[in-house]
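> Quick one, structure for this:
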Amino acid sequence: MQPQDVCSPQWCRILRFSHRPSVGAEIAKSDVRHAMKNAHMSRIGFLHTSPVHVLTFDNLLSEVAPEAHPVHVVDESLLTDARVNGPQSVADRVEAHLRSLKDRGVELICCTCSTLGSVAEQSEPGVPVFRADRPMAARALQAGRRIAVIAALDSTLAPTLALLEEEASAADHEVETTPIVAKGAWDMFEAGDQAGYVECVARTARAAAPTADVVILAQASMAPAEALLTDLPTPVFSSPRPAVEYLAARQ
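Model (predicted):
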């Protein structure tokens with residue numbers, strides 16, 4: 001499957017599902033609910049592939065779940081290597097980080113990297129793990145059938161589309177996805193041009209909105225673009241806030 005760029009938003013993928021929940025996903029969700037009930041939001045672990053996410057999630061936790069005590073691990077090389085060799089190539093390193101977080105006393109772990117979300121959820125570090133974009137995906141499916149998926153990296157699209165398929169199957173929803181790469185955005189991000197990155201993402205999302213029921217910003221780093229899109233009639237979701245609200249709802 002080839003991603004499209006913002007200049008050619010006609011390609012889309014249509015998926016129809018019977019009610020066949022993912023066993024792994026249901027087990028993971030049950031484990032998360034159990035952990036949150038017992039943890040009382042005490043120590044929550046986060047695995048990031050960019051340091052920009054630390055402040056994002058700390059600020060949201062302070063607002064939504066101030067009783068939580070976050071513990072962060074950042075390893076930018078995971079995403080770098082996964083882009084070249086695929087997410088499974090870093091599975092052992094992801095699990096090692098998750099086990100390290102568990103050893104530091106966390107009772108639940110959130111992986112904030114969309115590219116590595118599935119790898120993280122498949123790991124077995126001894127505590128529940130969930131991917132930050134899962135609550136966003138569930139929320140998007142509730143908002144509409146036609147979902148525009150905006151990413152800055154090609155490597156993010158396949159894992160995000162697979163997540164939407166999984167959530168659609170579990171909810172017995174029909175979904176039509178349009179994956180779009182924000183051209184040039186990641187170069188800006190890597191160069192430290194946060195304003196340019198956010199504007200590029202917002203511009204791409206705005207162009208996709210007229211033919212979508214909902215737009216999702218597939219990478220956590222895209223969250224600030226939401227503030228530039230509040231005038232759109234089409235709902236726009238990014239992953240950090242739904243993930244933290246998901247945590248808080250399970251106290």
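> is it true that Val94 touches Glu121?
No - proximity of Val94 to Glu121 does not meet the contact threshold set by Cβ atoms under 8 Å, at 10.1 Å. Heads up, the C-betas are built off the backbone N, CA and C, glycines and all.
> Overlap in contacts, the two.
Cys111 (Cβ atoms under 8 Å, 6 or more residues apart in numbering).
> Low-confidence regions, this structure specifically.
Under the criterion of pLDDT under 70, the regions of the chain flagged as low confidence span 1-41, 250-251.
> rerun at 90
1-43, 67, 107, 246-251 (pLDDT under 90).
> do you know how far the residue nearest in space to the middle of it is from Thr112?
Centroid check for the chain by Cα atoms, centre = their mean gives Asp133 as the closest residue, at 2.5 Å. For Asp133, the distance to Thr112 equals 8 Å [Cβ to Cβ, to the nearest Å].
> cool, His72 as well?
Relative to Thr112, and taking Cβ to Cβ, His72 is found at 9 Å.
> Between those two, which has more neighbouring residues?
It is Thr112, of His72 and Thr112, that has more neighbours when counted by other Cβ atoms under 10 Å, with 27 against 17.
> correct me, but that one touches Ser239?
Yes - the pair Thr112 / Ser239 is scored as a contact, 7.4 Å apart, by Cβ under 8 Å.
> tell me, what's touching those two both at once?
Shared contacts of Thr112 and Ser239, defined by Cβ under 8 Å, 6+ apart, are found at 132, 220.
> can you map out the helices along this protein?
For the chain, the helices defined by DSSP state H occupy 23-39, 52-64, 76-85, 91-103, 117-122, 133-143, 154-171, 185-190, 194-208, 240-249.
> Return the longest one as PDB; C-alpha atoms alone will do.
Put plainly, it is helix 154-171. Below are the C-alpha coordinates for helix 154-171, written out as PDB (Å, rounded to 0.1, in the frame of the first residue of the first chain):
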ATOM      1  CA  ASP A 154       5.200   6.700   6.000                       C
ATOM      2  CA  SER A 155       6.100   4.200   8.800                       C
ATOM      3  CA  THR A 156       3.200   5.500  10.900                       C
ATOM      4  CA  LEU A 157       0.500   4.700   8.400                       C
ATOM      5  CA  ALA A 158       0.400   0.900   8.300                       C
ATOM      6  CA  PRO A 159       0.300   0.500  12.100                       C
ATOM      7  CA  THR A 160      -2.400   3.200  12.400                       C
ATOM      8  CA  LEU A 161      -4.500   1.700   9.700                       C
ATOM      9  CA  ALA A 162      -4.200  -1.700  11.300                       C
ATOM     10  CA  LEU A 163      -5.300  -0.200  14.600                       C
ATOM     11  CA  LEU A 164      -8.400   1.300  13.000                       C
ATOM     12  CA  GLU A 165      -9.200  -2.100  11.400                       C
ATOM     13  CA  GLU A 166      -8.900  -3.800  14.800                       C
ATOM     14  CA  GLU A 167     -11.000  -1.200  16.600                       C
ATOM     15  CA  ALA A 168     -13.600  -1.300  13.700                       C
ATOM     16  CA  SER A 169     -13.800  -5.000  13.900                       C
ATOM     17  CA  ALA A 170     -14.300  -5.000  17.700                       C
ATOM     18  CA  ALA A 171     -17.000  -2.300  17.400                       C
END
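> any idea how far the spatially closest residue to Ala171 that is not a sequence neighbour is from Thr177?
Taking Cβ to Cβ, 6 or more residues apart in numbering as the measure, Ala171 lies nearest to Leu141, with 5.9 Å between them; neighbours along the chain are not counted. Using Cβ to Cβ, one obtains 10 Å as the distance from Leu141 to Thr177.
> Those two: which has the busier surroundings?
Set side by side, Leu141 and Thr177 show unequal neighbour counts under other Cβ under 10 Å, the larger going to Thr177 at 24 against 21.
> Touching, the more buried one and Ala162? I think so.
No - Thr177 sits out of contact with Ala162 when judged by Cβ under 8 Å, with a separation of 10.5 Å.
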